[in-house]
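Asker: Structural data only, the sequence is not supplied:
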């Protein structure tokens, strides 16, 4: 999966303010750097000219006074620039703090596992709490409060287009917020080294209109229907009678384990393996057969299934839209 | 007190403190103050212990009745016939016997009449039944039913029935492979096996009449409760709240064994048999399909809430009363919402199973406070009127007095050390949760009282209309907990909590109280070293019986708590004592001795207490039990010489 | 003169580097994708020592997870996540027997433990046949052994981050395993 994402392609308020600050710092620093380079260049040229003339140093008192004055100006200028930087950073920090006048936010609990993501959407009615994995949908224009938890080691939540990074620390609860101001699809990453497959611990983020978001939400809440055709039925049997049921859950079946990502609507996801592999039948088959060839060290083991069983299982998984 | 290493400390300060408390208690009792406020029940009543730990006995100087002595009637009471047809004795669950040959004057002369070894060395929780001249005893797995001939000296076995339940059922039984007994009706003995069968056996011949498979061990279900037979229906509830079961109460036709109705305890109203007759008293229990909306999607299907405890029946109102068990998993963060209908008291119509009212005692349970304890039905004077109530000493540490026609809670007062809640709001019916004692993922929360077995677990109390007092066997344990993520894999445990229990304040782990339900306080109290896990029995001779986990079977004066007699049996006692009139016309008391159950598994199942989380955390509190008793499985019968 | 000093200096540096390389080479191998001896290989192993005639020499199958810290740690995670701890707690038992004592009803070797997990046992141990892969079975068996001190100290898990309910596996003393099923009183040295 190619890297996609840029902190300058902002799509939401926190990201915008951070990007603005970033540009400001870059430009001011670049200009200052150029000035320093130019000044250094002038100093070198003058020193060379003096050597050619035979003077090693300019000891005239007016030179000393001029140098003192220049150094003083440079120091004051540096201090002022740094003060401006500090102020700009502080103002940006204030701007990206949680909007206190935010109306009813959407609250999502994000739990980091090695090496995948679980999202649990809160609601006033418990039977509307949605748990899903590796794919985050948010409505455009609504602040989303994100609560960060970890199941094992320190991870970091980072959607480059939407906001800065925030860690998921085991035994601790962190909070941040995001808001998308325009629809889009982005790739998010874990931003804190967390083991073998840190580089492939990604998730898909989809920002859509509130109406589309509600539609997606309601579809995700629905439990999986029992399979109707015989191939999918066999696939369901493979799922609940072999290794799958030990680690995965599918609402509407006997499978209820949280060791691995929940799969109730796996067929609706654009990618698998924590956002690192496009979700196609071939990829899914390769992944189930031996995940270690794709993400060595991942906790899912190789599964020796006969071709008939594997095809049936894939047929069944494709019904989980 | 016993510190976490199990070392006991007794200081002169402790003794002086107890003496001071005893004196003040006597003074308070003497002036007849009633205590308790109108709106909110008091959150904490210090235990009025009058004995120092370890002596296993206690006494006050004053013998008195409760306020309601002689004024409290038992609905549906029948004249005493010297038999014991069901574990609770009567449908009101009083465990009161009208036999009065054994009295406070002669109880000290009790001696062993005969004994019988069941051959099974696991926890013996059953109540022996006496029908005519036959005694029936049900053993823990493998659930043998013995019929003993009381007309012959020595009570020899007439026959035995062996149902041969699946051995694998032992692998999904959370708290030892116990059985709480049988019930007699219509010439048949009805009882349940560990592997989810209900069996009807001809009481005379011992031949099987029918057996019905009600559940599946592959879903984590077992059955340990004693059934109740009401109007030709056998009522059975399942166990398995620690394995993500779907809890239910089922009624079978007593003649044929066919299922008449089944009420689940979670899910849509149609499954819970909630219909037009359903009128819960409190707003928090009113609404449509609360068994679905108070759980995350689909999680009600693994929600636990079995019914493995006691059922009472009021013939005049035609209602059965029982409570449901804890929600699953123990880790509350995985099931946001009230989790109805776990830890709920139900009143149902026994003919159809329809729910008439329900009261969720512990919404969104945080500490495994099952709601399955006995409901004792009483008609008592309450603030100038006679009210039809049920009295229940609950797991969460409160004695609930509820109007049994509507479910309204009239009083809820603590009978032990409670800090997990801060009182029950009688307007809303909800307990005030103590946020500081709420389990949180990634954290260890300490000193939660009462611990998961509660202030009182399944062990049933007894009520005497003569003294007006409720005799409550219970425990004094606190715990540390650490939630972890639970994974549902059918047939395996679904808990998600590391627990470590230990003795509560005072250092004693067991208590036996005499409680006045109208005055709403203790009248006398005895502390014991180990949890008092046996049932209680009270007679018209004003003698109270109970047993300790280290094997002492005791008789106490029902008015004063003075110990009249005790005998050391071969193993710890967790069973239910019964009394009967034998064919020879004399009164006898029978009790099974054989330690086990949840706290006794360290002996009966050989749990290793070097892991203080073993046995769902109770091993840590029971480290010294193997020094005090060994496995057993013997029935003892005592009588006057 | 100068050359000799250079050689001495660089020679020392080279020696230190060589030493470092030598140490770095002995790193524990983590078998993510090895073909391990598949679990059914345990079938060749007997459950106990009672054999008619003259007992055959002991057949063993080498567990690839023995002494491997990563495998034992993975075994510990699986033990918790697959609810083994729901019945066996953290070695003390509950619904199931203790695993931290030295009483082994069905054998204490890694292949015996794998057999127990795969086949189940009559009094309530479920059968995980086809539910757990070969590598994971060896990992679980190694962890179970570490609970009673049968694994080496260095690769065994250390102290928990959370609740301390028992002495960690690293400090659990070794005790000779006994094939028995008595479940009598714990030995005197274990009682408080």
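Answerer: Sure thing, it's come through. All values reported here derive from a predicted model rather than from experimental measurement. Numbers count the residues shown, from 1 in each chain, chains lettered A, B, ... in the order given.

Asker: all contacts plus neighbour counts: C-alpha atoms, from now on.
Answerer: OK.

Asker: care to break chain A down by domain?
Answerer: With domains defined by automatic domain parsing, chain A comprises A:13-95, A:106-221, A:230-318.

Asker: Mean pLDDT and mean neighbour count added to these, as CSV?
Answerer: Formatted as CSV, the domains of chain A follow (pLDDT from 0 to 100; neighbours: other C-alpha atoms under 10 Å in any protein chain shown):
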stretch, mean pLDDT, mean neighbour count
domain A:13-95, 90, 13
domain A:106-221, 95, 20
domain A:230-318, 95, 19
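
Asker: Ok, which of those domains comes nearest chain C?
Answerer: Nearest to chain C, of all these, is domain A:230-318, at 4.1 Å by C-alpha to the nearest C-alpha.

Asker: Mind checking if the closest one is in reach of chain C?
Answerer: Yes - using C-alpha under 8 Å from any C-alpha of the partner chain, we find that domain A:230-318 touches chain C at A:241-246, A:259, A:292-293, A:296-297, A:301-303.

Asker: residues contacting residue C:93?
Answerer: By C-alpha atoms under 8 Å, 6 or more residues apart in numbering or on different chains, the residues touching residue C:93 are B:607, B:608, B:614, B:615, C:87, C:99.

Asker: pretty sure residue A:6 contacts residue A:162?
Answerer: No - Residue A:6 lies out of contact with residue A:162 (C-alpha atoms under 8 Å); the separation is 9.7 Å.

Asker: Which residues lie in contact with the nearest residue to residue B:619 once chain neighbours are set aside in this structure?
Answerer: Nearest residue to residue B:619, sequence neighbours excluded (C-alpha to C-alpha, 6 or more residues apart in numbering or on different chains): residue B:609, at 5.2 Å. Counting by C-alpha under 8 Å, 6+ apart, residue B:609 touches B:602, B:619, B:620, B:622, B:623, C:92.

Asker: same question, residue A:312
Answerer: Shown in contact with residue A:312 (C-alpha under 8 Å, 6+ apart): A:231, A:232, A:233, A:234, A:235, A:236, A:238.

Asker: switch to 7 Å and redo it
Answerer: By C-alpha atoms under 7 Å, 6 or more residues apart in numbering or on different chains, the contact list for residue A:312 reads A:231, A:232, A:234, A:235.

Asker: In contact with the last one, which residues?
Answerer: If I follow you right, that is residue A:235. Residues counted as contacts of residue A:235 (C-alpha under 7 Å, 6+ apart) are A:309, A:312, A:313, A:314, A:315, A:316.

Asker: Tell me who's in contact with residue B:321.
Answerer: Counted by C-alpha under 7 Å, 6+ apart, residue B:321 has contacts B:311, B:312, B:313, B:346, B:347, B:348, B:375.

Asker: That one sits in which helix or strand?
Answerer: Per DSSP states H and E, residue B:321 falls inside strand B:319-323.

Asker: And for residue B:229?
Answerer: strand B:228-230.

Asker: now what about that strand, what contacts it?
Answerer: Contacts for strand B:228-230 (C-alpha under 7 Å, 6+ apart): B:183, B:185, B:234, B:235, B:311.

Asker: What separation is there between the residue located most distally from the centre of chain A and residue A:250?
Answerer: Taking C-alpha atoms, centre = their mean, the residue of chain A most remote from its mean C-alpha position is residue A:54, at 61.4 Å. Distance, residue A:54 to residue A:250, by C-alpha to C-alpha, to the nearest Å: 86 Å.

Asker: how about the domains of chain A in a markdown table, adding distance to residue B:101?
Answerer: Formatted as a markdown table, the domains of chain A follow (distance: least, C-alpha to C-alpha, whole Å):
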| stretch | distance to residue B:101 |
| --- | --- |
| domain A:13-95 | 84 |
| domain A:106-221 | 58 |
| domain A:230-318 | 58 |
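
Asker: among those domains, which is nearest residue B:283?
Answerer: Closest to residue B:283 of the domains of chain A, according to C-alpha to C-alpha: domain A:106-221, at 16.3 Å.

Asker: got the end-to-end distance for that closest one?
Answerer: 16 Å.

Asker: Any residue of that domain touching chain C?
Answerer: No - Domain A:106-221 stays clear of chain C (C-alpha under 7 Å from any C-alpha of the partner chain), getting no nearer than 9.0 Å.

Asker: So is that domain next to chain B?
Answerer: Yes - residues of domain A:106-221 contacting chain B under C-alpha under 7 Å from any C-alpha: A:125, A:126, A:127, A:128, A:129, A:170, A:171.

Asker: Is it possible to get a markdown table of those that adds secondary structure?
Answerer: Shown next, in a markdown table, are the residues of domain A:106-221 next to chain B (DSSP: H, G, I helix; E, B strand; the rest coil):
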| residue | secondary structure |
| --- | --- |
| A:125 | coil |
| A:126 | helix |
| A:127 | helix |
| A:128 | helix |
| A:129 | coil |
| A:170 | coil |
| A:171 | coil |
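
Asker: now, among those, which is nearest to residue B:369?
Answerer: Closest to residue B:369 out of the residues of domain A:106-221 next to chain B is residue A:126 (20.9 Å), distances taken as C-alpha to C-alpha.

Asker: residues in contact with that closest one?
Answerer: So residue A:126 contacts B:293, B:294, B:295, B:296, B:336, B:337 (C-alpha under 7 Å, 6+ apart).

Asker: ok, which residues in chain B are in contact with chain A?
Answerer: B:292-298, B:336-337, B:442-443, B:487-490.

Asker: Helices - which of these land there?
Answerer: Counting by DSSP state H, the part of those found in helices is B:292, B:293.
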